[in-house]
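Novice: Okay, sequence plus prediction incoming.
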Amino acid sequence: MSINTKNVSIKVEEVNKITSKYMGEEPDYIALLQEIQDKFRYLPKDALKICSEKLNIPLSRLYSLATFYSCFSLTPKGKFEIHVCMGTACHVRKAPKMLDKISDHLHIKPGETTKDQNFSLETVNCVGACALGPLITVNGKYRGNLTVNQVDSILKELEEQVE
Amino acid sequence: MKKKVISICCGTGCNASGAGTLFSNLKKKLNNIKDIETEITVKNTGCHGFCEQGPVMVIKPDNIFYRQVRPEDADTIIEKSIKRNEIIEELLYEDPTTGKKIVKEEDIPFYQSQQRLLFGYNGDINPRDINDYIATGGYEALKKVFENMNQEDVIKEVKDSKLRGRGGGGFPTGKKWEAAFLTEEQDKYIICNADEGDPGCFQDRSLIEGNPHLVLEGMIIGAYAVGASKGYIYVRHEYPLAVNNFSHALKQAREYGYIGENILGSGFSFDVKITRGGGAFVCGESSALVASIEGKLGEPRDKYVRNTEQGLWGKPTVLNNVKTWASVPFIINQGAKWFTNIGTKDSTGTMVFSLTGKVNNTGLVEVPMGISLQSLVFDIGGGIKGDKKLKAVQTGGPSGGCIPENKIDIPLDYEKLTEIGSMMGSGGMIVMDESTCMVDVSKYFLNFTQEESCGKCIPCREGGRQLVEILNKITQGEGKEGDLVLIKEVSKTMQRGALCNLGRLAPNPVITTLKYFKNEYLSHIYDKHCPAGVCKDLISYSIIEEECRGCQKCIKSCPVDAISGVKKEPHSLDQEKCTKCGSCYEVCPFDAILVK
Ligand SMILES: Cc1cc2nc3c(=O)[nH]c(=O)nc-3n(C[C@H](O)[C@H](O)[C@H](O)COP(=O)(O)O)c2cc1C
Ligand code: SF4
Ligand code: SF4
Ligand code: SF4
Ligand code: FES
Ligand code: FES
């Protein structure tokens, strides 16, 4: 059986398989949610419902974890997830200007996804490659030592890949 | 047969600049050569520390240091440097102060004043090969412990070494271990805090990625000392390579009998589990971290009961930072006395700093405690970028403070840093020059802590918001008389009333900048002027006619068409249209754009 939620169709069996690993005495719900998110790139509502029923825990508990920890997303992500590092080292090297530029270009604010589902823009508090600051990651891949102006060409390059 | 090792840094930084492709190019190339008398190994290692120069490589045994090596350089390196022992000039590091090219790793000023203990072996170790670690004397300390030392002996050695926790507070490690050891409970836990939430810090990451067994060996020894059978390492989810390398290390250590049941026949059993963090800064705080491992929200609790009495699942728990665990094998191998000879009387051993910001040499720097900040920034860091002047050094991350230029000769130890209002913290060190606005910096940190506050207690939740609001107004030109008094009052309330150190230490950045850079606050409030030219609402951009050569670079970069002019003639800038994005300032090759 599969349920269609907007863009991603989640396979009930897949969720069941993941969930069954967490049925022990001290189930680690955060790890469970991480695994589900790794699978679908966000936490689909239907998947959470399945977990809640199978593990017999309130859905609200899963939601409170999902909203407390910043690694979780309750909405689907774009094809390209852009994270702009706003850590201190990147900040002093003009990361905020870079963020503005990307945000202007894509017409979305941090935390949002473009209507066509192609781009998501996020901020992160340091990815631990500070010597390369300012930097962004695109689907986890690092693009370091950027200038504000290089951002344009990166975005253009990505837009071409989308088409 | 002669042996040569090409050690390539494949740490996160260098990888981002193409080290992975370089590594496979070299491998491919080497596989095709048969006719030389030297045995050559290419080694994929963790971070060498000098990340900004990445990708970096060292050819051993001569220690020839190449930097900014591109994947396509693989051929030349083999043909020249390996086959014919020639030096490739273009790949050498050039000293920015003297302009001289330097051949050997150890002659580079960045490495010269360092004492690399924890990071010393990174260049010799492939983090995915336990034998590399063993070849550097790895797991000898563990054997020594099992053969000659009981639990009390280990704890005494660590106490005598005066090792202090490297996660920020500097609590004596031996004391913490002893407290857990002395409890009646049978079940105990140890935890390695690898959350590294401080923005601008990457030393814990580099250590787990580059030398995971060192951290693991420290943890096993600690577990033996306190009598714990299970350990956790809590790694940020932003650090996938660290998670991978550590998992791999666990697997190998299990195969070799260093963890698991009846380790090395000692009768002692211990295993480690990896937990991925959820991206909340507050989870670095010890009680919040414990809650998070238990699968709960990462909210701190009051500390009248310590983790060493009731921690994870209510059992005695020892929680230490990555660097703290990694120091343990050295102390066991070489003795407490040797360790106390490094550093100062009360701050022993080495400290690893992430040196970043407006400094020439950025990267990871390991120095004996007590070295002066001056030496760190100027000898190792190579001074300030461009022709700018040093303004301040921020240490200790969001809980720390700014050290002004006139205090640059202070020795770096726990007490001295606290005395002048800053902190050792986890070792972040950000160098700031004249173009940094101190009001903006403190606004940045307060914003950070406010966003990361868990919201459980009012002083932190509301106080943080107040401070951010006041600072926002000041930087927007709406500061008023009395703001500074209010800042101090709110800060005091947070320092006294917040539940955990996130809230208690959050005001530090604004308090130290107020102490040392009060004038900057005053000119924002009374003159509506940002001396560093940073705060958007208080500055304007214009073109200096005499300097402008009409190259038109700025026109192309301006997103709102605020600049106009004809080629080779001075341009003009329309203040009305300008959104103050600063792009034109960045691109102008003739410094013709004025920020005021
Ligand atoms: C808000 C907050 C965040 C912290 N983040 C970290 C961290 O990322 N890594 C760390 O080792 N310690 C962190 N600490 C300190 C830990 O709570 C704890 O004191 C430390 O890990 C103990 O280890 P140590 O004795 O080896 O320093 C943080 C503390 C606070 C209050
Ligand atoms: S001080 Fe802040 S982070 Fe700490 S418990 Fe209170 S609200 Fe949470
Ligand atoms: S600051 Fe930005 S908007 Fe203003 S003129 Fe320069 S490029 Fe254009
Ligand atoms: S980039 Fe500088 S020099 Fe060139 S036209 Fe613009 S202001 Fe003039
Ligand atoms: S501050 Fe951006 S990677 Fe660390
Ligand atoms: S990542 Fe290569 S030197 Fe740090």
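Specialist: In hand now; what should we look at? Ligands and ions are numbered 1, 2, ... in the order given.

Novice: ok now the helix or strand encompassing B:Leu484, how far from the chain's centre?
Specialist: Following DSSP states H and E, one finds B:Leu484 within helix B:483-497. Centroid displacement of helix B:483-497 relative to its chain, using C-alpha atoms, centre = their mean, to the nearest Å, is 29 Å.

Novice: List the buried residues for that helix?
Specialist: Judged by neighbour count using 16 or more other C-beta atoms under 10 Å in any protein chain shown, the buried positions of helix B:483-497 are B:483-484, B:487, B:490-491, B:493-495. Any C-beta I mention is one placed from the backbone N, CA and C, and that applies to glycine too.

Novice: And the pLDDT for residue 66?
Specialist: By default, I'm working from chain A. In this model, A:Ala66 is scored at 96, pLDDT.

Novice: please go with chain B instead
Specialist: So B:Tyr66 comes in at 97 (pLDDT).

Novice: likewise B:Ile33?
Specialist: At B:Ile33, pLDDT is 76.

Novice: thinking again about what came up before, could you check the helix holding B:Leu484 against ligand 2 for contacts?
Specialist: No. Figure legend: helix B:483-497 not in contact with ligand 2 (C-beta under 6 Å from any ligand atom); closest approach 7.8 Å.

Novice: Show me what that helix packs onto, helices and strands only.
Specialist: Packing partners of helix B:483-497 (3 or more C-beta pairs under 8 Å, 6 or more residues apart in numbering or on different chains; DSSP states H and E): helix B:458-475, helix B:501-505, helix B:508-516, helix B:518-526.

Novice: a markdown table for those helices, including mean pLDDT?
Specialist: Formatted as a markdown table, the helices and strands packed on helix B:483-497 follow (pLDDT from 0 to 100):
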| stretch | mean pLDDT |
| --- | --- |
| helix B:458-475 | 97 |
| helix B:501-505 | 96 |
| helix B:508-516 | 96 |
| helix B:518-526 | 97 |
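
Novice: Could you export the ones you listed as TSV, including distance to B:Gly200?
Specialist: Formatted as TSV, the helices and strands packed on helix B:483-497 follow (distance: least, C-beta to C-beta, whole Å):
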stretch	distance to B:Gly200
helix B:458-475	19
helix B:501-505	16
helix B:508-516	13
helix B:518-526	21
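
Novice: Please name whichever of those is nearest to B:Trp313.
Specialist: Closest of the helices and strands packed on helix B:483-497 to B:Trp313 is helix B:501-505, at 23.4 Å (criterion: C-beta to C-beta).

Novice: Residues in contact with the closest one: which ones?
Specialist: By C-beta atoms under 8 Å, 6 or more residues apart in numbering or on different chains, the residues outside helix B:501-505 that reach it are B:168-169, B:281-282, B:285, B:300, B:398-400, B:423, B:449, B:452-454, B:457, B:459-460, B:463-464, B:494-498.

Novice: hang on, the earlier thing: export the helices and strands packed on helix B:483-497 as TSV, with columns for mean neighbour count and distance to B:Glu79.
Specialist: Output for the helices and strands packed on helix B:483-497, formatted as TSV (neighbours: other C-beta atoms under 10 Å in any protein chain shown; distance: least, C-beta to C-beta, whole Å):
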stretch	mean neighbour count	distance to B:Glu79
helix B:458-475	20	56
helix B:501-505	22	55
helix B:508-516	23	52
helix B:518-526	17	56
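
Novice: What is the neighbour count of the residue nearest to A:Tyr29 when sequence neighbours are not counted?
Specialist: Leaving out its chain neighbours, the residue that sits closest to A:Tyr29 by C-beta to C-beta, 6 or more residues apart in numbering or on different chains is B:Gly295, at 4.5 Å. When neighbours are defined as other C-beta atoms under 10 Å in any protein chain shown, B:Gly295 has 18 of them.

Novice: Could you do B:Phe146 as well?
Specialist: Around B:Phe146 there are 17 residues (other C-beta under 10 Å).

Novice: go on, the one 4 residues further on?
Specialist: Other residues lying near B:Asn150 total 11 when counted by other C-beta under 10 Å.

Novice: For the residue in chain A positioned nearest to ligand 5, give me its contacts.
Specialist: Nearest residue of chain A to ligand 5, counting by C-beta to the nearest ligand atom: A:Gly87, 2.3 Å away. Listed by C-beta under 8 Å, 6+ apart, the contact set of A:Gly87 reads A:95, A:124-127, A:130, A:133, B:199-200.

Novice: Kindly report the same for A:Cys126.
Specialist: A:Cys126 neighbours (C-beta under 8 Å, 6+ apart): A:85, A:87-90, B:198-202, B:238.

Novice: Which single residue in chain A comes nearest to chain B?
Specialist: Of all residues in chain A, A:Tyr69 sits closest to chain B, at 2.9 Å by C-beta to the nearest C-beta.

Novice: what's the closest non-adjacent residue to the closest residue to ligand 2 within chain A?
Specialist: Minimum separation of chain A from ligand 2 (C-beta to the nearest ligand atom) falls at A:Phe68, amounting to 11.4 Å. Computed as C-beta to C-beta, 6+ apart, the closest residue to A:Phe68 that is not its neighbour in sequence is B:Leu297, at 4.9 Å.

Novice: What separation is there between the one you found and B:Ser287?
Specialist: Computed as C-beta to C-beta, to the nearest Å, the B:Leu297 to B:Ser287 distance reads 12 Å.

Novice: where does chain B dip in pLDDT?
Specialist: By pLDDT under 70, the low-scoring segments of chain B are B:1, B:34-36.

Novice: Next up, the contacts around B:Gln374.
Specialist: Contacts of B:Gln374 by C-beta under 8 Å, 6+ apart are B:408-409.

Novice: That one sits in which helix or strand?
Specialist: Assigned by DSSP H and E, B:Gln374 falls in helix B:373-374.

Novice: For chain A, which segments count as helices?
Specialist: Counting by DSSP state H, chain A has these helices, from start to end: A:12-20, A:29-40, A:45-55, A:59-68, A:88-92, A:95-106, A:150-162.

Novice: Mind putting those helices into TSV with mean neighbour count?
Specialist: Listed next are the helices of chain A as TSV, based on neighbours: other C-beta atoms under 10 Å in any protein chain shown:
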stretch	mean neighbour count
helix A:12-20	15
helix A:29-40	20
helix A:45-55	18
helix A:59-68	16
helix A:88-92	28
helix A:95-106	20
helix A:150-162	14
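
Novice: Adding distance to ligand 3, write those helices out as a markdown table.
Specialist: Formatted as a markdown table, those follow (distance: least, C-beta to the nearest ligand atom, whole Å):
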| stretch | distance to ligand 3 |
| --- | --- |
| helix A:12-20 | 48 |
| helix A:29-40 | 38 |
| helix A:45-55 | 42 |
| helix A:59-68 | 37 |
| helix A:88-92 | 19 |
| helix A:95-106 | 9 |
| helix A:150-162 | 12 |
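
Novice: Can you name the residue of the stretch 301-450 of chain B nearest to ligand 4?
Specialist: For the stretch 301-450 of chain B, C-beta to the nearest ligand atom, closest residue to ligand 4: B:Gly386, 17.6 Å.

Novice: OK, contacts around that residue?
Specialist: So B:Gly386 contacts B:358, B:433 (C-beta under 8 Å, 6+ apart).

Novice: Not counting its neighbours along the chain, what's nearest B:Ser422?
Specialist: B:Gly401 (3.8 Å).

Novice: Looking at strand pairing, list the partners for that neighbour.
Specialist: B:Thr395 (DSSP bridges).

Novice: Next one: it relative to A:Thr147, how far apart?
Specialist: 30 Å.

Novice: And the residue of chain A at minimum distance from ligand 6, how far from B:Pro589?
Specialist: Here the residue of chain A nearest ligand 6 is A:Ala131; by C-beta to the nearest ligand atom that distance is 6.8 Å. From A:Ala131 across to B:Pro589, the span is 26 Å (C-beta to C-beta).
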